[in-house]
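K.L.:
my questions concern the predicted model and sequence given below.
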Amino acid sequence: WFEGRLSVRLSTLLATAALRLKDIQLRKRVKDLPAVSLIGEIYVRNDEFSRKNIIDYLEKQGFITRVAPITEYICYSNYIVNNNIGERQFSLRERLRMQLMARIQEWWEHRIKALLAASGLCSFVMIDVAATIEGIRHLLSEQFRGETILTVGLGLREILHHSCGVISIGPFGCMPSRMAEAMLKKEMNPEGKARLPGWGKRVRHYDDMGTLPFLSIETDGSPFPQLVEANLEAFVLQAHRLHRRMAEVHQRRESRQLWRHLPVTLYELVLGNGTIRSRARRSIA
C-alpha cells in the first residue's frame, strides 16, 4: 500500500535482487567471517574520502565491515521526540504525526532488511536506539544528546555480539568523538561488557582476553600517518584472535544444545512419535 500503483513495487525489485545475489557462489558463509564495526561521527564513517581505505584494508585482511547506517540518526531523532527529551515542546497533533512517521519508517526498515536477508549476504538486524541507550545508562544519561551516546552504546553492543572489533572514526578535534573514545577505551573489556544488560554471565568466556579490540581514528582528509597504520595492524591481529575465541564459544554452545536434546532424539528414533519431534524442533528453534 505504501509503494504506489504506477510502477514495479519496490518489494518485488528487492526480492528479485536478493534471489540473484543468493546464486553467487561464496568461498565461505558470511556468518563465518570475522566482522568489524565502523562507528563514530555520522558523516565521516559514511564518506569514502573521509574514511580513506579502512574498509578496503579490512577486506584484504579477511574482515566484513559493518558500517553504522545513516538512518541510525533518524531513529535517534524519533527517540528524542517520542520520549520528550528535547527542549522543544510539540503539540498533541505534531506528536501523533511524528509517531506515525516513525512507525512507517520502522515498517519499511523491517520489510527491506527482511527481503535482502534472503540473499544470505546480509543479516537481518533492526536499528534499536532504545537498546543502545539503555545499555549504557550507567555511563551516560539520555539527556546528554548527540553522537557520543550513540557511539559508546553501539560500540559496546556490537563487540562480542555481531563483531570481533570496533573502530570509531571522527573528524580531527571533534569533541563528541574524543569523549566517546575516552569512555570506550575504559569500558572496552570483559568487565565493561558485563555491565550491559544480559551479559553478566555470557562474558565469562572472555575473561582472559584483557582489552577487547578497539581503535579510535581522527581524520582530516589527509593520508593516515604511520602510527595509525601500525595501530591498524595491531588491531587486526587482536580482532582475528577474538574471532577465533568467539567461534570456539559458539561451537561449544551448539554442542551443549545438541546434548541437551539428545534424549528426545533417541526417544524419537525408538518410538517415532511425531508430536514430540515437532515439539523438540520448536524448542531448538
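P.N.:
That came through, no problem. Numbers count the residues shown, from 1 in each chain.

K.L.:
which strands or helices does the helix or strand harbouring I217 pack on?
P.N.:
According to DSSP states H and E, I217 maps onto strand 214-219. Counting contacts by 3 or more Cβ pairs under 8 Å, 6 or more residues apart in numbering; DSSP states H and E, strand 214-219 is packed against strand 165-171, helix 175-187, helix 226-260. Placement of C-beta: from N, CA and C, glycine included.

K.L.:
may I see the buried residues of stretch 74-89?
P.N.:
Of the residues in stretch 74-89, I74, C75, Y76, N78, Y79, V81 count as buried by neighbour count, 16 or more other Cβ atoms under 10 Å.

K.L.:
closest one of the residues you listed to E187?
P.N.:
The closest of the buried residues of stretch 74-89 to E187 turns out to be Y76 (Cβ to Cβ; 20.2 Å).

K.L.:
in what helix or strand does that closest one lie?
P.N.:
Element membership for Y76 (DSSP H and E) is helix 71-82.

K.L.:
other residues contacting that helix?
P.N.:
The contact list for helix 71-82, computed with Cβ atoms under 8 Å, 6 or more residues apart in numbering, reads 42, 85-86, 90, 95, 98-99, 101-102, 105, 109, 127, 129-130, 133, 145, 147, 150, 154.

K.L.:
about what we covered before: closest to L232 among the buried residues of stretch 74-89?
P.N.:
When the buried residues of stretch 74-89 are compared against L232 (criterion: Cβ to Cβ), the nearest one is Y76, at 28.5 Å.

K.L.:
how about residues contacting stretch 52-62?
P.N.:
With contact meaning Cβ under 8 Å, 6+ apart, stretch 52-62 is reached by 33-34, 36, 38, 65, 67, 167, 169, 217, 219, 223-224, 232, 236, 240.
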